[in-house]
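Novice: Turn this into a structure:
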Amino acid sequence: MRRSRVLDAITVGPSLKKRVRGWMMFDWATQPFYTLGLTFIFGPYFASVSAEYFFNTGLDQASANASAQTIWSWGQAVAGLLVAVIGVLAGSFADSTGRRMPWLWATSIVFVICSWMLWYMVPDGSTMWSSLILFSVAFVAAELALVFTNAVLPSLGDRREVGEISGNGVALGYAGGILSLFIMLFFFFDEGGKTFAIGLEPGFGLLDPEVREGTRAVGPLIAVWFMIFMVPYFMWVREGKTPNTQGGFRQSMAELKLSLQGMVKRPSLFAFMGAQMLYRDALNGLYAFGGIYAVLVLGWGQTQLGIFGIISGISAALVTWISGKYDRKLGPLPVIYFHIFVLIIVSLCIIGMSRSSFYGLGLAEGSTLPDVLFYVCGAAIGGSGGGIYSASRSMMVRHTNPARPTEAFGLFALAGKATAFLAPLLIGIFTYWLNDARLGFAPVVGLFILGMLLLRWVHPEGDQTE
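Specialist: Numbers count the residues shown, from 1 in each chain. Just a heads-up that it's a prediction; the model follows:
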């Protein structure tokens, strides 16, 4: 009864199997923004351009690198704060009115426009600030769209099935990220005037490598990819056409207030929300600054970043798929514990590693050990990042009121973004204070540990309410 009631409220028309496939295509459609935009192409490109810009203003190279990382961190912090506030309010309002699809359409349009506009991030740094704003707005739009998409998950299966469905969706998304990365590296991204590995002219000779048009094509590629692959979602994932005319903003805020008050009385949910705020914030810090770290600390070029992205993406797809299987077998909580432990080890490796030493142990000049270690770290970040997000989404279903799933996943986004400014802010503060892009990662370890400690109060089966 519970499942059918929610299903009727959210979806009509296509079969359940098609709805599941359409729902999973959202991850495929949006992942290039995170793979290409946040981590491997645009983020490092932004870092290199802004570092060069600050260097030309008279700063020394270390200070220029630190300044580049600091402004990127501030952009991520502000975007995360906006997602936290808007996500929970919009989610509650959507549940009260019974309409989620208009919100998804609106955020999708904003996302496409802002992603496309990343094309104008020119190498001289003259559009640095406007590009940072556009990227941040695209990030907010993508995360808000995710709130409304996640709200459909409880209707796709029982609590055992949704863990595997969640894992398969995230794994499919990472596979899409890998494919988009291959397309970007082989046909568009330019380093030395030629594309990665196969040495073609960027954009088949239509793009000018002198002004990095091949690299800047990442924005239009993300936008076009999203427009194409969201078609199955909009075709197969439907909602009832009759809105709740009794639901309004005032009613939705009253219901949200009751939900927030009730959350305090649910120890498992309350602890889970607090844990997520910390470990997902730390993970977002690794995502947002991993590529930048490789450029600023290890001096990597885009070729090495490309290899790093491929390794990370393949690991993410495989490990997340496997994690979904273990989620179905053991439940999501053990999966979350395991991946947090892995990410703590990775963070410690990053903090202690530089081009010339590893935790004070000197390395021979030209040693490849830092490169090999960071490739391994990339595989671990990709795999455990996907696994922990998938399992967290599954655990949220176990704490969700079936009558208000969008509000629940608005709270899920709130948990992931309410302190999303914290990791970038702490990284920015530590980087500025220590004037070292490597040591700026130190706060991430503390956030992971605190998140793991809070999981002690989370019940493995959740505390789902009517």
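
Novice: which residues does residue 232 contact?
Specialist: 21-22, 25 (CB atoms under 8 Å, 6 or more residues apart in numbering). Where you see a C-beta, it was placed from the backbone N, CA and C, and this is true even at glycine.

Novice: What segments of the stretch 151-300 of the chain are strands?
Specialist: In the stretch 151-300 of the chain, the strands defined using DSSP state E, counting those that start in this stretch lie at 190-191, 194-195.

Novice: Flag whichever of those has the least confidence on average.
Specialist: The stretch with the lowest mean pLDDT among these is strand 190-191, at a mean of 76.

Novice: Report the strands that pair with it, each with its relative direction.
Specialist: strand 194-195 (antiparallel) (DSSP bridges).

Novice: what does the partner strand contact?
Specialist: For strand 194-195, the surrounding residues in contact (CB under 8 Å, 6+ apart) are 185-189, 200-202, 209, 214.

Novice: so residue 88 touches residue 411, yeah?
Specialist: Yes - at 5.8 Å, residue 88 counts as touching residue 411 under the criterion of CB atoms under 8 Å.

Novice: what's the most buried one of the strands of the stretch 151-300 of the chain?
Specialist: strand 190-191 (a mean of 22; mean count of other CB atoms under 10 Å).

Novice: Quick one: list the elements packing against the longest helix seen in the chain.
Specialist: When the chain is parsed with DSSP state H, its longest helix is helix 61-97. Using 3 or more CB pairs under 8 Å, 6 or more residues apart in numbering; DSSP states H and E, the elements in contact with helix 61-97 are helix 42-56, helix 128-150, helix 249-264, helix 267-296, helix 405-417, helix 422-434.

Novice: Report the mean confidence score over it.
Specialist: On average, helix 61-97 scores 79.

Novice: orientation of the next helix or strand after it relative to helix 128-150 in degrees?
Specialist: Moving toward the C-terminus from helix 61-97, the next helix or strand (DSSP states H and E) is helix 101-116. Helix 101-116 and helix 128-150 are oriented at 150 degrees to each other (axes from the mean of the first three to the mean of the last three CA atoms, to 10 degrees).

Novice: could you say what helices and strands helix 101-116 packs with?
Specialist: Counting contacts by 3+ CB pairs under 8 Å, 6+ apart, helix 101-116 packs against helix 128-150, helix 218-229.

Novice: what does the last one contact?
Specialist: By CB under 8 Å, 6+ apart, the surrounding residues in contact with helix 218-229 are 25, 28-30, 32-33, 36-37, 41-42, 45, 108, 111-113, 115-119, 121, 176, 180, 183-184, 188-189.

Novice: can we see that at 7 Å?
Specialist: For helix 218-229, contacts defined as CB atoms under 7 Å, 6 or more residues apart in numbering pick out 25, 28-30, 32-33, 36-37, 41-42, 111-112, 115-119, 180, 184, 188.

Novice: Could you identify the buried members of those?
Specialist: Neighbour-count burial (16 or more other CB atoms under 10 Å) applied to the contacts of helix 218-229 gives 25, 28-30, 32-33, 36-37, 41-42, 111-112, 115-119, 180, 184, 188.

Novice: so can I have CSV of the helices and strands packed on helix 61-97 showing mean pLDDT and distance to residue 317?
Specialist: Formatted as CSV, the helices and strands packed on helix 61-97 follow (pLDDT from 0 to 100; distance: least, CB to CB, whole Å):
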stretch, mean pLDDT, distance to residue 317
helix 42-56, 92, 20
helix 128-150, 93, 18
helix 249-264, 67, 34
helix 267-296, 82, 16
helix 405-417, 68, 21
helix 422-434, 77, 25
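
Novice: Kindly present those as JSON lines, with separate columns for distance to residue 378.
Specialist: Formatted as JSON lines, the helices and strands packed on helix 61-97 follow (distance: least, CB to CB, whole Å):
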{"stretch": "helix 42-56", "distance to residue 378": "13"}
{"stretch": "helix 128-150", "distance to residue 378": "21"}
{"stretch": "helix 249-264", "distance to residue 378": "36"}
{"stretch": "helix 267-296", "distance to residue 378": "7"}
{"stretch": "helix 405-417", "distance to residue 378": "22"}
{"stretch": "helix 422-434", "distance to residue 378": "18"}
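
Novice: which one of those lies closest to residue 453?
Specialist: helix 267-296 (8.1 Å; CB to CB).

Novice: Quick check: next helix or strand after that closest one?
Specialist: Criterion used, DSSP H and E; the element after helix 267-296 is helix 302-330.

Novice: For that next one, name the packing helices and strands.
Specialist: Counting contacts by 3 or more CB pairs under 7 Å, 6 or more residues apart in numbering; DSSP states H and E, helix 302-330 is packed against helix 159-187, helix 267-296, helix 332-352, helix 369-397.
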